Structure formats: C-alpha cells, structure tokens
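Asks: sequence first, predicted coordinates after that:
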Amino acid sequence: MSEERNRKVATSSDTSPEPAQSGAPAERGPWYSSIQPAVFWPSIVIIGIFVAFAVIVPGTAEEWLQTVSGEITRYFGWYYNFLVTAFVVFAIWVGVSHFGDIKLSPQDEEPEFSLGSWLAMLFAAGMGIGLVFFGVAEPLMHFDSPKPGVEGTQSELAEASLIQTFLHWGLHPWAIYVVVGLAIAYMVHRKGKPISIRWALQPLLGNRVKGVLGDIIDIAAVIGTVFGVATSLGLGVLQIAAGLEWIEVVQDPGDLVHVVLIGVITLIAVISVVTGVKKGIKWLSNFNITLAGAIMLFVLIAGPTMFVLREFIQSIGLYLQNLLQLSFDTTAMQGEAGIEWQGFWQAFYWGWWISWAPFVGVFIARISRGRTIREFVGGVLLVPTIVTFLWFSVLGGSGLFRELFGEGGLIDPEDGVTQEGALFGLLEGFPGGTIVIGLAVLLIATFFITSSDSGSLVVDMLASGGRTEPPKWSRTFWATAEGLVAIALLLAGGLEALRAAAIIIALPFSVVMILMCIASWRSFTMERRAFLRIQRRQEQEALTEQVSQNLIEEGYIEPNSASGATPGSGNGGSGPGSGPTSSTP
C-alpha cells in the first residue's frame, strides 16, 4: 500500500462533512435563507456603525483612528514583528517536514486549477493593487527618508531601500497567508468541513466552534476582510485618480472624484463576482498578470536593463544575508522617531497583511484542492516572493537608477515622494509614456476589480456558513459594502486613515492566527501518528508473511497451516523449534 493510500485510510474515519457542506449550493427559499444570521447581522451592524461614524463626523473618525493605531504601534509593534517572523518559521517548517506529503483532498485527485491559473489567482488576490501603488514609490521613499539608524552613501542608502522593501513584500506577508490558507484548506478539503474560519480551529477548540465562539471568530474574519480589502481599494482609487490627472483626464481630483471612481469600479466588480471563480475572477486574474508582466517587461527593456538585472540578484543576496536582523528590528534605539517609522511602515504592513489574511487565506484555500502541503507552501510562499522581488527590482530599481545616475525628478526637494504619482512619473520618461500610463491605470482598475470580487466572494462564504456558491444578491451586497467602507476611510483621512484601519483590525485577528498554527500542528501530528500506526501494522504483517514463507520453504511448517502456524509447530512438532523461534522478531 502506498504512502498516500495510508494517509487516506488514516483520515477516512475523521471525515465528517457538516450539513452546510462547502460545495453545496444555496437551498431554495426566502432571500435570507442563505445567510448565517449570527455572523451576517452583527457584521453588518458593526460595519454600518463605522461607515456612518466616518461619513457624519469624518474629523472625529480620523482623530480616533490615528489615536488608536498610534497606541497599538507604541505598545504592540514589537509583537507584530515577532509574530509575523514566527509565521515565516512555521510556514517553512510545515513545508519541508514530513507533513508536506499530506494532500489537501480526500482522494488522489488532480488539482482543480492549472498551476499557471492557480499562481495567477493567488498572486492577484494576495498583492494586487499594493504592488502597483508601492512598486516605484516605496524604494524611493526609503531612499529619500531612510529608516532611523540607517546611514551611508547614496548608493548604500539605495541598496538598503530595496532590501527594506523586499522585507515588507517578501516571505513575511506570504507566510501570513500560508498560516490561514493552509489551516482552512486542510479542514475543507481533507476533513470535508464548510469554508469558514471557525472550522480551522476545531482541532483545538472542538465543538465549541459550532456555537457563539465560532460566530465571534467568523465575525472578526468578515470585518477584517471587509476593512482589509477596503484599504486596498482606497489605495487603488488614489492612484487611479493620480493617473487620470497625469494624462489630463481630470484636474485636481478630490473626494468627489474618488467616490465616483469607487462607485464605477465597484459596479464592474459586482458584474465579475456574480460570474463566480471559474469565469470572472479567473479571467481577470490571468488578464492582470499578463498586463502587469507586459508593463514590467517594457520598463525592463526600455529602462536600465543591465543595472536592474544585476541589482535584482545582488539585492536578493543582501536580503537573505540580513533577513534575520531585519525581521527582528523594532528600531528600539531610535526613540520616538523609531516608533513613528514603525507605525508608518512595518506595523502598517504587518497589520495590512494580517487584515487581508482571512480574505486571501479563504480564497487560496478554495482554489488549492488537490495539492500537497509542500506544493501549497512552495507555491504560496516562494513563487510570488521571487516575482515580487523582480517587480520591485524593475520598477523601484529603475526609479533609483534615475535618481542616482539619471535626470532625477521623482523626489521633490520639499515634498519628497508622491506615493500615488511616483509610478506615472517614472513611466512618463519612457517612449510612449502616455500610452503606458493609460495601461497602468487600466491595470490598477482591474486589480481593484479582482480584489473586490474575490473579497466579496470570500466574505459571502463566511457570512453564509461556508457555501462556495452563495446567491448573487449577497455577493452584490458585500461588494457594495467594501466600496462604502473604502469611501468612509477616504473621507476620514485618506491614506493615513487607510493605514490606521489596517493596524487596528489586525490586532484581534492575530490571536486567531496563533490558534490556527496550534490547531494545524495538532491536526498534522494526529494524521502523521495515524499514518505511522498503519505503516507499522503493514510492516508487521509483511514481516510475518515473509517469516511464514521462509519456514514453509525450510520445511518447518506445512503450507496449508501457514496462516495459523507458529514457529516450531511444523512436522508434528518434531522439528527443531528453538532455532526459528529465536529468529522471530
């Protein structure tokens, strides 16, 4: 019996699908019959209160967001750094250990999606707008205003800026997605549970996940997903507006332009989300990756090609060399300046990734059926990280090259780097820059749509008890809700409010993620022990059969009595019994 078959036997008795099975379609009945009231309504109330608060008194909302996020950064910034680094260690450990052979499906079946489509969907959902928004801006910002304590020549600061960017977009965020996605994928595809955050904690909390505790976990996941996606949508709208201003479609875009853009693109996202994963989301993800790759290739060829390629390899080496030190750097020796930097950069990023984790985790779990844990970890952790490094090396490296060796102009002497406009400033210097800027705006819009429709589908699954095909009305509702939250955050302070919301939302869900790690370890250990018990029993049976065969061949027992014979009983017990007996294990 093969190892995979042993694993299937070891888990078959523990596969107990719930009534609301993940693959079950919505049952016919009233419009509200598809929702899980204990999750849906509390989530709506909390989100509605925040939206009303931000729209009615935006100044007070902005002050509250900044105060709360500032206190979290001050007292929990170290916790975010340590926790996210621990997630990297956990992800690598489960991927390279003997747990990596466990398959995320109950049968020996092929993956639901091809490798290319799978990587495209998880990459577009996991990063999306952020890569375009920060691709040029972040390395330039670290170069113009280095992390407190970082000093050196211009070239050394440029190198440090890329390495710091790699830290924020490399192994750490994808390890966060591995923790949540793997825990959910195992329980859904291996144990037959509905797609929901609560079931990922069942190995630890038992049947308590079916009650109020499970409802609270899913409510936290719904709210975290809505606010995490809304943060990305807000960033995307800011950059789309900047791009339209750059090509002179709009002039001096303000709140009205931002609200209109959110409304238009959310409407397109609604059209996409009602077509489901295998149509709209899959097609858009493939289109996004193709267009993003084309823009990156254009910049690579039209820009400082050899510099970018050399810098790409060099920066990866320096990233790996400094990974441990950077992972634990809390700027403790830099006082208030260090705390402020952590809140603007590292705490924001770790909070943003954690707030996105329910959305991305559920989504990549949904599309990862049929893959082993090792394939899952390798695909989610390593492949997007390498592509992300290449993206920042091409776009960010080209921006740094222009500032170091070219005409400059991307960093204003007084205002510094304009985050939403840095990409367009770089593209404008290339041949056909206006056309490429238009394509970049289109890319941001399609990333916006992909994030919105993917997030809406995930939130809908969580709020409907784990159904993979919830009704169209609820998908439309959640896509609209994400747009409203994005509008509320922009009205409550723009980019700073988006950063603050990510830091706040992440704190409660980080506790859930710690429990997920423990639950996954317990599940994998139990399955491994069951597999080893079966393997030992099979080895004992095979050894017994081999010993019996040897005794028959040597004439100690009769062939027809081999099944019940004991060594020494052959030939009426007249044979030498002590010899064979002593050789039996």
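Replies: Happy to help now that I have it.
Asks: what is the mean pLDDT for the biggest helix by length in the chain?
Replies: When the chain is parsed with DSSP state H, its longest helix is helix 495-554. Mean pLDDT, helix 495-554: 88.
Asks: could you do stretch 82-95 as well?
Replies: 97.
Asks: how far away from the center of its chain is that stretch?
Replies: Relative to its chain's centre, stretch 82-95 lies at 13 Å (CA atoms, centre = their mean, to the nearest Å).
Asks: again with stretch 98-110
Replies: Worked out by CA atoms, centre = their mean, stretch 98-110 lies 20 Å from the chain centre.
Asks: kindly check the end-to-end length of it for me.
Replies: End-to-end distance of stretch 98-110 (CA to CA, to the nearest Å): 21 Å.
Asks: list the buried residues for it?
Replies: Buried positions in stretch 98-110, judged by neighbour count with 16 or more other CB atoms under 10 Å: Phe99, Gly100, Ile102, Lys103, Leu104, Ser105, Pro106. Any C-beta I mention is one placed from the backbone N, CA and C, and that applies to glycine too.
Asks: same question for stretch 449-468.
Replies: In terms of neighbour count (16+ other CB under 10 Å), stretch 449-468 has its buried residues at 449-468.
Asks: same check, this time on stretch 137-156
Replies: Buried residues in stretch 137-156, counted by 16+ other CB under 10 Å: Ala137, Glu138, Pro139, Leu140, Met141, His142, Phe143, Asp144, Pro146, Lys147, Pro148, Val150.
Asks: next, format the buried residues of stretch 98-110 as JSON lines and append secondary structure and distance to Ala120.
Replies: Converted to JSON lines, those look like this (DSSP: H, G, I helix; E, B strand; the rest coil; distance: CB to CB, whole Å):
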{"residue": "Phe99", "secondary structure": "helix", "distance to Ala120": "27"}
{"residue": "Gly100", "secondary structure": "helix", "distance to Ala120": "23"}
{"residue": "Ile102", "secondary structure": "coil", "distance to Ala120": "25"}
{"residue": "Lys103", "secondary structure": "strand", "distance to Ala120": "22"}
{"residue": "Leu104", "secondary structure": "coil", "distance to Ala120": "19"}
{"residue": "Ser105", "secondary structure": "coil", "distance to Ala120": "21"}
{"residue": "Pro106", "secondary structure": "coil", "distance to Ala120": "26"}
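Asks: can you tell me which two in the residues you listed are farthest apart?
Replies: Farthest-apart pair in those is Gly100 and Pro106; separation 17.9 Å (CB to CB).
Asks: go ahead and flag the most central residue of this structure.
Replies: By CA atoms, centre = their mean, the chain has its centre lying nearest to Tyr177, at 2.9 Å.
Asks: what helix or strand is it located in?
Replies: Using DSSP states H and E, Tyr177 sits in helix 171-185.
Asks: just how off-centre is that helix within its chain?
Replies: Centre-to-centre, helix 171-185 and its host chain are 5 Å apart (CA atoms, centre = their mean).
Asks: next structured bit after it?
Replies: Using DSSP H and E, the first helix or strand after helix 171-185 is helix 202-205.
Asks: tell me the helix or strand right after that next one.
Replies: Counting by DSSP H and E, what follows helix 202-205 is helix 212-246.
Asks: what's downstream of that following helix, the next helix or strand?
Replies: Next element after helix 212-246 (DSSP H and E): helix 255-273.
Asks: that older thread, and the least confident of the buried residues of stretch 98-110?
Replies: Among those, Pro106 has the weakest pLDDT, 75.
Asks: could you measure the closest residue in space to Asp218 that isn't next to it in sequence against Val222, distance?
Replies: Leaving aside its chain neighbours, Asp218 sits nearest to Val39 (4.6 Å; criterion: CB to CB, 6 or more residues apart in numbering). Distance, Val39 to Val222, by CB to CB, to the nearest Å: 6 Å.
Asks: what of Ser451?
Replies: 16 Å.
Asks: and for Ala137?
Replies: For Ala137, the distance to Val222 - CB to CB - is 31 Å.
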